[in-house]
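S.K.: have a look at this prediction, sequence included:
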Amino acid sequence: MVDTFKAFIVEKADDRATYGIRDITKDDLPEREVIIRVDYSSVNYKDGLAITGKGPILKTFPIVPGVDYAGVVESSEAPELQPGQRVIVNGFEVGEKYWGGYAQYAGAKAGWVVPLPERFTTWQAMAIGTAGYTAMLCVMTLEEQKIRPGSGEILITGASGGVGSVAVAVLAKLGYRVIAASGRRESQDYLKSLGAAGFVSREELTGKVKPLNKVRWAGAVDVVGGVTLANVLSMIQYGGVVAATGLTGGGDLPATVYPFILRNVTLAGVDSVMCPKPRRIEAWRRLAEDLPGAAIEAVAHTIPLDGIPQAAEDIMANRVKGRLVIDVNA
């Protein structure tokens with residue numbers, strides 16, 4: 001391991017946060033049960049909140065943000081993780097309370113670390129990232145609730161974002177008819193290439209919420225929350241399911257109980273942060289099996305470590321299509 005390496009660090013003084021790329025050493029890493037040589041990280045919505053200061057994400061200072069990363073085990077005190085093994089880390093408050101992936105090396109607890117499926121390179125792992133892994137958890141939730149390709153159409157809100165893009169690609173590959181909702185009409189060709197069979201405008205889902213609307217979908221993956229989720233619930237068919245995993249449109253839910261008690265609709269929350277390790281491993285196994293290779297290349301592009309501030313601004317302004325992968329060594 002090198003004596004010093006680069007890290008993007010957020011510090012706080014006089015109630016004001018500052019950030020920049022610094023040279024640090026292994027001894028600066030708070031967690032050192034497993035040392036990982038990081039190849040790539042990514043920019044997620046939560047990272048955007050952290051870097052721009054628009055959300056109370058960071059819980060300690062100084063800190064290396066970055067809620068996910070992929071790389072190679074450099075050293076390990078855990079017998080199940082061997083030097084040279086390719087791995088992924090995300091969740092468990094990494095990049096929030098614990099130092100994250102915006103550095104050339106990272107320290108982790110063994111329980112956070114998931115072996116990378118043989119199919120994926122470390123770049124592909126972060127092209128998928130927390131967003132894609134969360135999307136697969138949503139797909140698994142729909143399946144567990146007995147929503148099948150023959151059940152009816154599946155709506156994906158925020159479809160041009162990271163979670164939405166992977167959800168579209170996976171569900172289409174599994175044979176579902178996928179309807180994509182996005183605020184950007186220019187993304188339609190991109191979403192068609194991933195397998196979207198139809199489109200809904202954002203405006204159709206942001207109007208006044210009715211207790212019940214005309215039935216349109218068998219299920220949905222929602223990353224928006226707020227009024228959008230309330231409207232989606234009002235349009236789900238009898239026995240349908242909504243897998244909810246985001247709040248880019250707000251944390252409130254101005255809905256009624258009518259979809260639940262008159263149409264037997266299920267609202268299933270999907271958490272990716274504290275998800276148990278066996279389910280994480282299964283989600284990555286399913287991604288290796290069910291995410292088309294062409295979709296991985298289509299959903300992501302790469303930026304250097306010093307591109308993080310602008311990327312954070314872009315993701316908060318809804319200017320990001322798909323996934324932003326960070327090459328921490330560039």
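M.R.: Sure, I can see it.
S.K.: can we go C-alpha only for contacts and neighbour counts from here?
M.R.: Will do.
S.K.: next secondary structure after the one helix or strand in the chain whose mean pLDDT sits lowest?
M.R.: Least confident helix or strand, the chain: helix 293-299 with a mean of 88, by mean pLDDT, DSSP states H and E. Downstream of helix 293-299, the first helix or strand assigned by DSSP states H and E is strand 300-304.
S.K.: does that next one pack against any helices or strands, and if so which?
M.R.: In this structure, strand 300-304 makes packing contacts with strand 323-327, judged by 3 or more CA pairs under 8 Å, 6 or more residues apart in numbering; DSSP states H and E.
S.K.: that older thread, same for the least confident helix or strand of the chain, what does it pack against?
M.R.: Helix 293-299 packs on helix 122-144, helix 162-173, going by 3+ CA pairs under 8 Å, 6+ apart.
S.K.: I'd like to know which elements the first one is packed against.
M.R.: Secondary-structure packing of helix 122-144 (3+ CA pairs under 8 Å, 6+ apart): strand 34-43, strand 68-76, strand 86-90, helix 162-173, strand 236-244, helix 277-290, helix 293-299, strand 323-327.
S.K.: average pLDDT for that helix, rounded please.
M.R.: Model confidence over helix 122-144, given as mean pLDDT, is 97.
S.K.: using CSV, write out the CA atom coordinates for that helix.
M.R.: Extracted in CSV, the C-alpha atoms of helix 122-144 (Å, rounded to 0.1, in the frame of the first residue of the first chain):
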residue,chain,number,x,y,z
THR,A,122,-15.4,-2.9,-10.6
TRP,A,123,-16.4,-0.2,-13.1
GLN,A,124,-19.6,-2.1,-14.0
ALA,A,125,-20.2,-2.6,-10.3
MET,A,126,-20.3,1.2,-9.8
ALA,A,127,-22.2,1.8,-13.1
ILE,A,128,-24.8,-0.3,-11.3
GLY,A,129,-24.0,0.9,-7.8
THR,A,130,-26.3,1.6,-4.9
ALA,A,131,-29.0,2.7,-7.4
GLY,A,132,-29.0,-0.5,-9.4
TYR,A,133,-28.8,-2.7,-6.3
THR,A,134,-31.8,-0.8,-4.9
ALA,A,135,-33.6,-1.3,-8.1
MET,A,136,-33.1,-5.0,-7.9
LEU,A,137,-34.4,-5.0,-4.3
CYS,A,138,-37.5,-3.4,-5.7
VAL,A,139,-37.8,-6.0,-8.4
MET,A,140,-37.4,-8.8,-5.9
THR,A,141,-40.1,-7.1,-3.7
LEU,A,142,-42.6,-7.1,-6.6
GLU,A,143,-41.8,-10.8,-7.3
GLU,A,144,-42.2,-11.7,-3.7
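S.K.: which parts of that helix are buried?
M.R.: Across helix 122-144, burial judged by 16 or more other CA atoms under 10 Å covers 122-142.
S.K.: how much space between the closest residue to Ala167 other than its chain neighbours and Gly158?
M.R.: Ranked by CA to CA, 6 or more residues apart in numbering and with sequence neighbours excluded, the top spatial neighbour of Ala167 is Ala135, at 5.1 Å. Distance, Ala135 to Gly158, using CA to CA, to the nearest Å: 12 Å.
S.K.: which neighbours do the two share?
M.R.: Taking CA atoms under 8 Å, 6 or more residues apart in numbering as the contact rule, Ala135 and Gly158 both touch Gly164.
S.K.: how is the chain divided into domains?
M.R.: When the chain is parsed with automatic domain parsing, its domains come out as 5-116+297-327, 131-269.
S.K.: what's the end-to-end length of the longest one?
M.R.: In other words, domain 5-116+297-327. 14 Å.
S.K.: quick one: distance of that domain to the chain centre.
M.R.: Domain 5-116+297-327 has its C-alpha centroid displaced from the chain centroid by 14 Å (CA atoms, centre = their mean, to the nearest Å).
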